[in-house]
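Student: my questions are about this predicted structure, shown below with the sequence.
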Amino acid sequence: MVEWFCIKTNKIKIMQHKIIISKLIVLLFFGLISFKNQAQNDKVIFVKDVPVKLKTATSYSFYVGYEVSEDSDLALDISGGPAKFWAGKTVPVKKGKGVLNFQIGTKDSPRAGNGYRVLVSVRDSGGDWKTTRASSIVNNVEITNKEEPILDDASFSVLTPTSLSSRENFEFEINYKASEPRMLQVALWNDQQWIAASENKTVNAGEGKVKVNINTGQPKVGNKYRFVLYYGSGEGFPNKNIVSKELSGIEITKAVKVLTIDDVNEQCITLSLNKTSKILTLPGDLSYESIKIIAMNGEVVKEEKNSNSITVSDLKGGAYYAITSQDDYYKFVKF
């Protein structure tokens, strides 16, 4: 009886440990989303790294973090290998964000070999692969007959943004494990069009994190970009690699201009505001996406959306700037 109690207690402890790990993953993912404070767009990522070596089995489990702008489907499949294996599963999710422990079963165990792929994607509700809006892919996964240690691997940090403004340079944090000196490269693609890639970054044997930069030349606005990470060594790299990982559905938005008060002063047009005026109406467009009122110290004190006018009656007396989403700059004085 004592022996049975100890075994049961140990099982309970193991279950509790798994529950704690699951909660930590959920907290980590939600914390990162809140920390980034980005506008919501569709995203999906493996919040727990997919092993690049998987023992052949009839079921697999993956932790997937997602954020979707509408009710959607999450689809996960394992495919490839020497016998063109495929197994897949689709799970509906509600608008919002969460972490899913994705359980996927297989009719037959995949045969040991190289060239497998694990993919998770966000699709339209009831849609197919043609309606994919974002995905995370791990290529060159090896299926083994027994548990084997993973000596070489690399992956994007979970902090990697999926929505960012157009810029000259993109920086990535890559986690790696290397049994000997290896190389990393990150490339930016727009759908099937190659845009730019980083220089090959060499890492020494061991584990750690490394920064990788791509000089992109300010890519145009769009939401079909992909980040692709290549990891390996030897002749033929990066086309020949140990593993490659991909994040798709990346959105690049309009470039954010960094302006100083001096810059605005040089470009602004002075407007005369009547002493009794409660509303400032700007010339030009009938409606702007946004109008921001900037104090002389650079602080944004008011903002109006989808209009060409903004209430100024509640402003303190003094000089201000009005900046529109069309990069028009105006200066006025509130009496």
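Tutor: All right, it came through fine. Residues are numbered from 1 along each chain as shown.

Student: which non-adjacent residue is nearest Val50?
Tutor: Val138 (4.6 Å; C-beta to C-beta, 6 or more residues apart in numbering). Just so you know, the C-beta spots here come from the backbone N, C-alpha and C atoms, and that holds for glycine as well.

Student: which residues touch the one you found?
Tutor: Val138 sits next to 46, 50, 52, 117-119, 243, 245 when contact means C-beta atoms under 8 Å, 6 or more residues apart in numbering.

Student: go on, Tyr330?
Tutor: Counted by C-beta under 8 Å, 6+ apart, Tyr330 has contacts 268-271, 282, 321-323.

Student: state the pair within those residues that is farthest apart.
Tutor: Distance extremes for these: the farthest pair is Thr270 and Ile323 at 14.0 Å, using C-beta to C-beta.

Student: how does the chain divide into domains?
Tutor: 1-37, 40-253, 261-334 (automatic domain parsing).

Student: mind putting these in JSON lines, mean pLDDT included?
Tutor: What follows is those, written out as JSON lines (pLDDT from 0 to 100):
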{"stretch": "domain 1-37", "mean pLDDT": "40"}
{"stretch": "domain 40-253", "mean pLDDT": "94"}
{"stretch": "domain 261-334", "mean pLDDT": "87"}
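
Student: deepest-packed of those domains, please.
Tutor: Between the domains of the chain, domain 40-253 has the highest mean count of neighbours, a mean of 17, where neighbours are mean count of other C-beta atoms under 10 Å.

Student: gap between that one and the chain center?
Tutor: Centroid separation for domain 40-253 versus its chain: 11 Å, with C-alpha atoms, centre = their mean, to the nearest Å.

Student: before we move on, what about stretch 304-311?
Tutor: On C-alpha atoms, centre = their mean, the centre of stretch 304-311 falls 32 Å from that of its chain.

Student: CA atoms only for that stretch, dumped as CSV, please.
Tutor: What follows is stretch 304-311, C-alpha atoms only, in CSV (Å, rounded to 0.1, in the frame of the first residue of the first chain):
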residue,chain,number,x,y,z
GLU,A,304,-8.5,62.8,-33.9
LYS,A,305,-9.3,59.9,-36.3
ASN,A,306,-11.0,60.1,-39.8
SER,A,307,-11.6,63.8,-39.9
ASN,A,308,-10.2,67.1,-41.2
SER,A,309,-10.9,69.0,-38.0
ILE,A,310,-10.1,68.7,-34.3
THR,A,311,-11.5,70.3,-31.2
